[in-house]
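Participant: got a predicted structure here, sequence first:
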Amino acid sequence: MSARPFVDGENEPVASLADAVYFDSGPHRLFGWHHGPAVGKSANIGLVVCKPFGYESICAHRSVRAFAEAAAALGVPTLRFDYAGTGDSSEIDAQADQVATWTQDVIAAVAELQRRTGVQRVYVLGFRLGALLAALAVNECKAIAGLILISPIVSGRRYLRELRTTRMAGLIGTESPDTQVSTGTVNAAAGSMEVSGFMFSAATLAALERVDLKTLGALPVANMLIIDGDRMPVARAWVEALSQLGTPPTHRSLPGLVEMIMTAPQFASIPQEMIVAMCEWLTPLLNTSATAEREGMRHGDRVIAPPIMAMDLAGVTERPVFFTSQAMLFGIVSEPPPGEISRRAVILVNAGADYHIGATGMYVGFARRWARRGCVVLRMDLAGLGDSATRPGRPGNEVFPPAAVDDIRTAVEWVRTRYGVSDVTLGGVCSGAYHVLRAAVAAVPANRILMINPEVFFWNESMSIHDVQLVELVGKKAHRGKKFSTETLKRLLSGDINVRYILKTYWGRLSLALESNLRNLARFLHIRLPNDLGSELQEVDARGVRMVFVFGRTERGIALLKMQAGISLGRLGERCRMHIIDGADHVFSKFDSRTTLEAILTDELFSP
């Protein structure tokens, strides 16, 4: 059921990338990617990939895609997908038992892969919570021939303890620890729990309290590979229990888990040793089926149901789209209800290295609700990020790709041509805010730009996200006002205090303040200096583009904006507005702050 995406306005599929697919799971419509086997290879087995949940899924997105592509390169047709209520799939009832629903989603994905490819035996690869779901699904789905489980959640109760610890850490310093929570796409019911912006319902929490894989006994599959992280093995006791039951799995402890799944996306890395282990384990299985099964597949002649090309969500239509900007770019577009004339379009750009659902998935909720009010909303991945291709000659996972403005220009041209809109808004969080500002400075046609928690206003290829950033300097108060004590002297001599870093920080702050004052003098004298943010903002304003900055109260980007824009901010008037939100962290991971953010953006978007 492949969605035939649009390419530069034409309804043509893109053979060089995986197929974007929709399929049904009970009352829900799920979004996924079907990675067909490499040319000349056609394995007799299939693979379904079950991603982790929440922030772990954001961090691991690039790696999950790499696992799927590696399996497809072996010749194994592979399907990775979003559970109901997550990613690009349809919404889920706030009171639903997500464990039960998502287990059925795994089974539906297995059936979909069989329907698309004709394979009889399907293996399931699961990460963390996805591994738990895979283990639960195997008792209900005879088509599952084996499991590959990476750092599986063995005890739901222990997993909940981890989540509660993470949640409490995230609430330190906030004003409302008992805030009602939401995914951003559905309202949360009482008793639910939000962790890093992602929600578990009360029914899900109760289900997880009861789940323990060690109590399931032997699983009805002959082949299992369990991969633990070498620094934090979690499955060893379960592996030993399974071995005693007569179904010993292959167990490996390998590096890369933390870097894949527990590291911010811009710093995350793909666990190559784990991918190699998966491929080595799958390879002997490719030739074990009967010849009749292989001959019966006949991929090229298969007959499947008509493709599902889009998803309807209470009148809003969503569909995957591709467009070209030296690399094949991917996005999801949300269209208004049929018959409603679209007068506005919004393009939302990656936050950091997060993929197109946005930090905490909030772009999805924004897009669907704005579409219901008549907007066309495109959530896009810049080249090298998310599900877009990487531009030739460039590395992947670049947070500040130098050609991002070209990608945004292409997206603007696409929505204008495809939908005939003349009012276009560009928006993004953090680095996404930087990119939409750069697009506006480069005169990409836009009516307004929504910049949420920007921390950088200038970037060049000599810079690195690993370096100390200017935004860190404006907020540094290290050791200020502290008395020089014997304890301080001991720490200094022992190396606990990084003197070089402190001196560099203070020199950086002094230099930045001096530069700000000199730039203000130059502006007063009408002298244009290179990389002058104030002059750029005035030029954007002169073209009639409305600029909206939204910051959390404690964001250091506020001070950086004031220092780098200087006296120009006061000259911009109503076309440049700044909103400050109390209690918000950098990615608006709490429901209250996210709701306030959406209300502000909505008012700005639909204001005359």
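Facilitator: Arrived safely, thanks for sending. Residues are numbered from 1 along each chain as shown.

Participant: check the secondary structure at residue 42 for me.
Facilitator: The three-state label given to residue 42 by DSSP: H, G, I helix; E, B strand; the rest coil is coil.

Participant: distance of it from residue 107?
Facilitator: Residue 42 is 24 Å from residue 107, where distance means C-beta to C-beta, to the nearest Å. For every residue, glycine as well, the C-beta is placed using N, CA and C.

Participant: show me which of the two is the more surrounded one.
Facilitator: Between residue 42 and residue 107, residue 107 has the larger neighbour count (other C-beta atoms under 10 Å), namely 22 against 19.

Participant: which pLDDT does the model give the more buried one?
Facilitator: According to the prediction, residue 107 has pLDDT 98.

Participant: likewise for residue 292?
Facilitator: pLDDT, the model's per-residue confidence, is 34 for residue 292.

Participant: again with residue 128
Facilitator: 97.

Participant: what's the closest non-adjacent residue to it?
Facilitator: Counting by C-beta to C-beta, 6 or more residues apart in numbering, residue 52 is the residue found nearest to residue 128 once chain neighbours are left out, at 3.9 Å.

Participant: doesn't the one you found belong to a strand?
Facilitator: No: Residue 52 is assigned coil when assessed by three-state DSSP, not a strand.

Participant: correct me if wrong: it contacts residue 134.
Facilitator: No: using C-beta atoms under 8 Å as the test, residue 52 is too far from residue 134 to be in contact (11.5 Å).

Participant: how about low-confidence regions in the stretch 451-600 of the chain?
Facilitator: 467-473, 475-517, 519-525 (pLDDT under 70).

Participant: which parts of it are strands?
Facilitator: For the stretch 451-600 of the chain, the strands defined by DSSP state E, counting those that start in this stretch occupy 546-552, 576-581.

Participant: again, but for the stretch 251-400 of the chain
Facilitator: Counting by DSSP E, counting those that start in this stretch, the segments of the stretch 251-400 of the chain that form strands are 311-313, 316-324, 328-335, 344-349, 375-381.

Participant: so what strands line up beside the shortest one?
Facilitator: Put plainly, it is strand 311-313. strand 316-324 (antiparallel) (DSSP bridges).

Participant: residues of the partner strand that come out buried?
Facilitator: By neighbour count on 16 or more other C-beta atoms under 10 Å, the buried set for strand 316-324 is 316, 317, 318, 319, 320, 321, 322, 323.

Participant: what do you get for stretch 451-464?
Facilitator: Quick answer for stretch 451-464 (16+ other C-beta under 10 Å): 451, 452, 453, 454, 455, 456, 457, 459.

Participant: how distant is stretch 422-431 from the center of its chain?
Facilitator: Centroid separation for stretch 422-431 versus its chain: 17 Å, with C-alpha atoms, centre = their mean, to the nearest Å.

Participant: domain assignment for this protein?
Facilitator: Domain ranges of the chain: 13-156+212-301, 311-465+531-606, per automatic domain parsing.

Participant: need those domains in a markdown table with distance to residue 162, can you?
Facilitator: Below are these laid out as a markdown table (distance: least, C-beta to C-beta, whole Å):
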| stretch | distance to residue 162 |
| --- | --- |
| domain 13-156+212-301 | 9 |
| domain 311-465+531-606 | 17 |
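
Participant: lowest average pLDDT across these?
Facilitator: When the domains of the chain are compared on mean pLDDT, domain 13-156+212-301 scores lowest, with a mean of 90.

Participant: can you give me the helices in the stretch 201-350 of the chain?
Facilitator: Ranges of helices within the stretch 201-350 of the chain are 202-210, 236-244, 257-261, 272-282, 291-297, based on DSSP state H, counting those that start in this stretch.

Participant: how about those helices in TSV, adding mean neighbour count and distance to residue 145?
Facilitator: Formatted as TSV, the helices of the stretch 201-350 of the chain follow (neighbours: other C-beta atoms under 10 Å; distance: least, C-beta to C-beta, whole Å):
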stretch	mean neighbour count	distance to residue 145
helix 202-210	17	26
helix 236-244	15	17
helix 257-261	22	25
helix 272-282	17	11
helix 291-297	13	12
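
Participant: tell me which of these sits nearest to residue 339.
Facilitator: Proximity to residue 339, assessed across the helices of the stretch 201-350 of the chain by C-beta to C-beta, is greatest for helix 202-210 (37.3 Å).

Participant: give me the helices and strands touching that closest one, please.
Facilitator: Here helix 202-210 touches helix 98-117, helix 156-171, going by 3 or more C-beta pairs under 8 Å, 6 or more residues apart in numbering; DSSP states H and E.

Participant: pLDDT of it, averaged?
Facilitator: What helix 202-210 shows for mean pLDDT is 96.

Participant: got the angle for it vs helix 98-117?
Facilitator: Orientation check (axes from the mean of the first three to the mean of the last three C-alpha atoms, to 10 degrees): helix 202-210 against helix 98-117 gives 90 degrees.

Participant: and helix 202-210 with helix 156-171, angle?
Facilitator: 130 degrees.

Participant: distance between helix 202-210 and the chain's centre?
Facilitator: Computed by C-alpha atoms, centre = their mean, the chain-centroid distance of helix 202-210 equals 25 Å.

Participant: can you list contacts of it?
Facilitator: With contact meaning C-beta atoms under 8 Å, 6 or more residues apart in numbering, helix 202-210 is reached by 95-100, 156-157, 159-160, 189-193, 200.

Participant: which helices and strands sit right next to the helix or strand where residue 414 lies?
Facilitator: Applying DSSP states H and E as the criterion places residue 414 in helix 404-419. If contacts are counted by 3+ C-beta pairs under 8 Å, 6+ apart, helix 404-419 sits against strand 316-324, strand 328-335, strand 344-349, strand 375-381, strand 423-429, helix 431-441.

Participant: make JSON lines out of the ones you listed and add distance to residue 253.
Facilitator: Shown next, in JSON lines, are those (distance: least, C-beta to C-beta, whole Å):
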{"stretch": "strand 316-324", "distance to residue 253": "38"}
{"stretch": "strand 328-335", "distance to residue 253": "35"}
{"stretch": "strand 344-349", "distance to residue 253": "39"}
{"stretch": "strand 375-381", "distance to residue 253": "33"}
{"stretch": "strand 423-429", "distance to residue 253": "36"}
{"stretch": "helix 431-441", "distance to residue 253": "35"}
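
Participant: separation between residue 596 and residue 581?
Facilitator: In terms of C-beta to C-beta, residue 596 sits 5 Å off from residue 581.

Participant: with neighbour numbers in mind, choose between those two.
Facilitator: Higher neighbour count among residue 596 and residue 581: residue 581, with 21 against 18, using other C-beta under 10 Å.

Participant: how close does that one sit to residue 598?
Facilitator: 11 Å.

Participant: thinking again about what came up before, quick one: buried ones out of the contacts of helix 202-210?
Facilitator: Burial of those was assessed by neighbour count (16+ other C-beta under 10 Å); the buried members are 96, 97, 98, 99, 156, 159, 160, 189, 192, 193, 200.

Participant: doesn't the first one belong to a helix?
Facilitator: It refers to residue 96. No: with three-state DSSP as the criterion, residue 96 is assigned coil and is not in a helix.

Participant: for it, which non-adjacent residue is closest in space?
Facilitator: In space, residue 96 comes closest to residue 201 once its chain neighbours are excluded; the distance is 6.1 Å by C-beta to C-beta, 6+ apart.

Participant: burial of the one you found, as a residue count?
Facilitator: Counted by other C-beta under 10 Å, the residues lying close to residue 201 total 27.

Participant: from what I can see it touches residue 100, true?
Facilitator: No: look at residue 201 against residue 100 with C-beta under 8 Å: they stay out of range, at 10.8 Å.

Participant: burial measure for residue 544, as a count.
Facilitator: Count around residue 544 with other C-beta under 10 Å applied: 10.

Participant: what's the answer for the one 10 residues further on, then?
Facilitator: When neighbours are counted by other C-beta under 10 Å, residue 554 registers 14.

Participant: same deal with residue 447?
Facilitator: As a burial measure, residue 447 scores 17 neighbours (other C-beta under 10 Å).

Participant: and for residue 21?
Facilitator: Residues contacting residue 21 under the criterion other C-beta under 10 Å number 23.
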